[in-house]
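> structure for this input, please:
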Amino acid sequence: MKKRKRGKLSKNPYSKKELIDVVLSFFRESPHKNFNYKQIYKLLGSKNPEIKTLIVGVLLGLYKNGSLLEIKPGKYKLSEHSHKKK
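Purely as a prediction, here's the structure:
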């Protein structure tokens, strides 16, 4: 029997800076909505599992930066001062 060839995963289409901009745009489009990393991953429509870990890192960075508030563990919302910046 032949072995099946697995398709290569596509490269990460986002740099970290681009991913930060995209994530912030999701929060700014719906400022009163809460998101977790899985919801953002689904909104991106990516099939690359490496992006999940990048999203988690971006969310933590934005939380430490003060751009996001952590409502529950792993659930984030746009902070008030970030909402006003637009």
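
> list the contacts for the residue nearest in space to the middle of the chain?
What sits nearest the mean C-alpha location of the chain, by C-alpha atoms, centre = their mean, is residue 55, with 3.8 Å. Contact partners of residue 55, counting by C-beta atoms under 8 Å, 6 or more residues apart in numbering, are 19, 23, 37, 40, 41, 44. Where C-beta positions appear, they are placed from N, C-alpha and C, glycine not excepted.

> out of the residues you listed, who's nearest residue 62?
residue 23 (7.0 Å; C-beta to C-beta).

> per-residue pLDDT, that closest one?
Per-residue pLDDT puts residue 23 at 96.

> was I right about it contacting residue 58?
Yes: using C-beta atoms under 8 Å, residue 23 is in contact with residue 58, at 5.4 Å.

> still on that earlier bit, ok so the residue nearest to the centre of the chain is a strand residue?
No: judged by DSSP: H, G, I helix; E, B strand; the rest coil, residue 55 forms no part of a strand; its state is helix.

> tell me how many other residues crowd the nearest residue to it once chain neighbours are set aside.
Counting by C-beta to C-beta, 6 or more residues apart in numbering, residue 55 lies nearest to residue 37, which is 4.6 Å off, once chain neighbours are set aside. Number of residues near residue 37 (other C-beta atoms under 10 Å) recorded here: 21.

> so how far is residue 3 from residue 37?
34 Å (C-beta to C-beta, to the nearest Å).

> for residue 77, list the residues it contacts.
Counted by C-beta under 8 Å, 6+ apart, residue 77 has contacts 27, 32, 33, 34, 35, 68, 69, 71.

> where's the dip in pLDDT among those?
Where pLDDT dips furthest among those: residue 32, at 92.

> which strand residues bridge the spatially closest residue to that one that is not a sequence neighbour?
Leaving aside its sequence neighbours, residue 32 sits nearest to residue 77 (C-beta to C-beta, 6+ apart; 7.7 Å). Beta-bridge partners for residue 77, by DSSP bridges, are residue 69.

> which stretches of this protein have low pLDDT?
Within the chain, the ranges that satisfy pLDDT under 70 run 5-10, 82-86.
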